[in-house]
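Asker: Dropping the sequence and predicted coords here.
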Amino acid sequence: MVGVWNRRLVLGASLALIVLAPMMTGCLTLINLLFPAPPPLGLAPTISVDDAKAMFDQMSGDPNLVFLDVRLPAEYNAEHVQGAAHLCILCASNFKGDLEAFDKTLTYIVYAEDSASDDRSTRATDAMVEVNFQDVHNMAEGFAAWKAAGYLTE
């Protein structure tokens with residue numbers, strides 16, 4: 001009888017590793033899976049990639065404009081909007097708390113990969129509005145559209 005229980009225990013542990021390993025490497029946690037966040041509200045205005053680029057050109061070199069990339073570190077490190085700051089919304093255990101390092105009086109254009117596959121930028125801008133950031137825009141089309149348009153990346 002003990003052999004049966006041992007096999008079940010090993011099988012259970014193996015399945016747990018198969019499920020948990022991808023989450024640990026992708027910055028997700030079991031909590032994210034068991035208790036998913038409610039859908040984002042869309043509290044910040046949405047800005048098109050072309051309008052974001054116009055602001056980028058108009059305010060070039062102006063420290064009052066910040067492009068904020070909220071994608072995973074690997075996505076950001078591979079390529080991002082030129083000069084963009086980074087704060088991974090999925091990796092932060094306390095995203096709203098981590099936002100305290102940013103100046104709430106600046107203008108932020110927040111983006112993730114694209115609006116079709118994820119809502120990270122909407123979740124991030126909602127959090128920023130909730131903690132009283134004054135001028136936040138969601139570039140909902142995301143980095144995919146920025147790159148497809150041939151705009152500056154690094």
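Answerer: Yep, it's here.
Asker: Am I right that L90 is in contact with D119?
Answerer: No - with contact defined as CB atoms under 8 Å, L90 and D119 do not form a contacting pair (11.3 Å). For the C-beta atoms, the positions are set from N, CA and C on the backbone; glycine is no exception.
Asker: Quick check: T125 vs D51, distance?
Answerer: As judged by CB to CB, to the nearest Å, T125 and D51 stand 15 Å apart.
Asker: The two - which one has more neighbours?
Answerer: T125 (29 against 13; other CB atoms under 10 Å).
Asker: Let me see the contact set for the more buried one.
Answerer: By CB atoms under 8 Å, 6 or more residues apart in numbering, T125 lies in contact with G42, L43, A44, Y108, V110, V136, H137, N138.
Asker: residues near the fourth one, how many?
Answerer: Going back to what we said before, that points to Y108. By other CB under 10 Å, neighbour count at Y108 equals 25.
Asker: Looks to me like it is in a strand.
Answerer: Yes - applying DSSP: H, G, I helix; E, B strand; the rest coil, one finds Y108 inside a strand.
Asker: Enumerate every residue touching it.
Answerer: V66, F67, L68, F102, T125, M128, F133, D135, V136, H137.
Asker: Looking at those residues, which is nearest G83?
Answerer: F67 (6.6 Å; CB to CB).
Asker: The residue lying closest to the closest one once chain neighbours are set aside: how many residues sit nearby?
Answerer: Of all residues not flanking F67 in the chain, A84 sits nearest, at 4.0 Å (CB to CB, 6 or more residues apart in numbering). When counting by other CB under 10 Å, one arrives at 20 neighbours for A84.
Asker: beta partners for L68?
Answerer: Counting by DSSP bridges, L68 forms beta bridges with A85, V110.
Asker: how much space is there between it and H137?
Answerer: 10 Å.
Asker: Where does pLDDT dip in this protein?
Answerer: Low-confidence segments of the chain (pLDDT under 70): 1-40, 115-117.
Asker: do that again at 90, thanks
Answerer: 1-43, 45, 59-62, 91-94, 114-119, 140 (pLDDT under 90).
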